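>>> structure for the following, please:
(one chain, ligands or ions: 1)
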Amino acid sequence: MEASVDPPPDSALIPMKGLTNGLTHGLTNGTTNGTTNGTTNGTTTGPTTGPTTGPTTGPTTGPTTGPTTGPTTGPTTGPTTGPTTGAASGQPEEHDDGSAPAPNLQTQYKMIHQAFSDKWKQTDDSMCRHSMSFHLHHALQKDFFASFLYLLEKTPVVKLFPVTCEYIKGEKQFYYRAQKFYEDVEPSEEGMLGDFVEISDVDLDQSRRFLSRFIGPGKAGTSCALDCGSGIGRVSKGVLFPVFERLELADMMEHFLLHAHEEYLGDDADRVETYYCYSLQEFTPPKNKYDVIWMQWVACHLTDHDLATFLAKCKRALRPNGVVILKDNMARNGCKMDLVDSSISRHLDVMRTIIHKAGLEVVALEKQEGFPDVIMPVWMLALR
Ligand SMILES: C[S@@+](CC[C@H](N)C(=O)[O-])C[C@H]1O[C@@H](n2cnc3c(N)ncnc32)[C@H](O)[C@@H]1O
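This is a model prediction of the structure:
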């Protein structure tokens, strides 16, 4: 058995090492601290970003309701994790009632541009035309618009980040809200998929077929895979265990990993080498270890910057011919924020830009078929 790597120094984790080498550990005895392998102990899953706001959790808070119907809203509908409806952000992107759809990215930029122009004009109108300040103001205005247009044209990432930031309104709240949300989610398939548990089979089936395209002679090996944002290990169980000798699971929620190990994975749990209880934004997977790194319905929980950083780390964690497989909701346009579980669904083009920024390439992509129309499109992307 390979030795487990040391964890990054400042991360909260369950040091779940050596499951197959006879070491005792947290998850099997129900404790997560004070483990016996001498790695970083201490707290495990407390909010990593700190409670900078009041409780924003739960489906009952203000902005999470509104026009979002169906599975992502309402205090009685339970978790809204995983697949989500197109209207999850409170901004329906397709309107059955015939009203106008949400503006696409380009229109949104034009609107931002217009807002700037209007603001400048207001100042303009209130100034004395012959004053020094008026001329200065105009010079600044000219430079400002030149820079703005330059950024839009030349630097795609820059023009995308403000869009996400606008929705996220602060990273700390974004992560804290997700943490609080998942604390209340049951460790079960229902918990992982919200109101759409019935899609699990069709989801796993297509995932298995997609994965098979990248495995085999001259392609990725079958030694070890990492399931990121694994939850209770639904994907591990249905897709990865049948293919890989060993698995590792990473998720920020301790109770999901505990359930995976103690119950959900059954005897296959013996083949889990390490459970990492980390937030992905603080996690560095060991280098050159994995044939496949699977990320399903978790990229949506990372900011653009953290996602790009984590993907870059994943690239370094792959073995030769290895692939990262990212499966997630993709907004039909722009970005859609779900304030209930604190996730952001991005348009494929936005996702591609982030992937590119991480130094990875999309080598294949496939749209998930067979999901109900009400669910936002889900895509699988193979990256290396
Ligand atoms: C919708 S569930 C999907 C679980 C699993 N991938 C599946 O498809 O069944 C999302 C999972 O991501 C985890 N998660 C959310 N934000 C995370 C973060 N920043 N770091 C690590 N895990 C996170 C949650 O704890 C949860 O288990």
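
>>> got phi/psi on Val292?
phi -140, psi 140 (degrees, to the nearest 10).

>>> in three-state terms, how would the closest residue to it other than its chain neighbours be classified?
In space, Val292 comes closest to Ala225 once its chain neighbours are excluded; the distance is 4.3 Å by CB to CB, 6 or more residues apart in numbering. Every residue, glycine included, has its C-beta placed from N, CA and C. Under DSSP: H, G, I helix; E, B strand; the rest coil, the three-state class of Ala225 is strand.

>>> i'd like the first residue to be 788 from this point on
OK, 788 is where the count begins now, so the last one is Ala1012.

>>> now for Ala1012: which residues touch it?
1027, 1030-1031, 1033-1035, 1077-1081 (CB atoms under 8 Å, 6 or more residues apart in numbering).

>>> sitting in strands, which of those do you find?
1033-1035, 1077-1081 (DSSP state E).

>>> closest one of those to the ligand?
Nearest to the ligand out of the ones in strands among the contacts of Ala1012 is Trp1081 (CB to the nearest ligand atom; 7.8 Å).

>>> a markdown table please, covering the contacts of Ala1012 and showing distance to the ligand.
Shown next, in a markdown table, are the contacts of Ala1012 (distance: CB to the nearest ligand atom, whole Å):
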| residue | distance to the ligand |
| --- | --- |
| Leu1027 | 11 |
| Val1030 | 16 |
| Phe1031 | 16 |
| Arg1033 | 18 |
| Leu1034 | 13 |
| Glu1035 | 13 |
| Tyr1077 | 16 |
| Asp1078 | 18 |
| Val1079 | 14 |
| Ile1080 | 12 |
| Trp1081 | 8 |
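
>>> okay, those in CSV with pLDDT, distance to Gly869 and neighbour count next?
Listed next are the contacts of Ala1012 as CSV, based on pLDDT from 0 to 100; distance: CB to CB, whole Å; neighbours: other CB atoms under 10 Å:
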residue, pLDDT, distance to Gly869, neighbour count
Leu1027, 98, 17, 28
Val1030, 98, 22, 16
Phe1031, 98, 22, 24
Arg1033, 98, 25, 23
Leu1034, 98, 20, 28
Glu1035, 98, 21, 26
Tyr1077, 98, 23, 27
Asp1078, 98, 25, 24
Val1079, 98, 20, 27
Ile1080, 99, 19, 27
Trp1081, 99, 14, 26
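
>>> my read: Lys1123 touches Asp1115, true?
No - if you go by CB atoms under 8 Å, Lys1123 and Asp1115 don't touch, sitting 11.7 Å apart.

>>> give the residues shared as contacts by these two.
By CB under 8 Å, 6+ apart, the residues touching both Lys1123 and Asp1115 are Ser1132.

>>> so how far is the ligand from Lys1114?
8 Å (CB to the nearest ligand atom, to the nearest Å).

>>> I meant Ile986, not that one.
11 Å.

>>> who are the contact partners of that residue?
870, 980, 1157-1159, 1162.

>>> now with 10 Å?
869-870, 980, 1155, 1157-1159, 1162, 1165 (CB atoms under 10 Å, 6 or more residues apart in numbering).

>>> now swap in Phe921 and tell me
Contacts of Phe921 by CB under 10 Å, 6+ apart are 910-911, 914-915.
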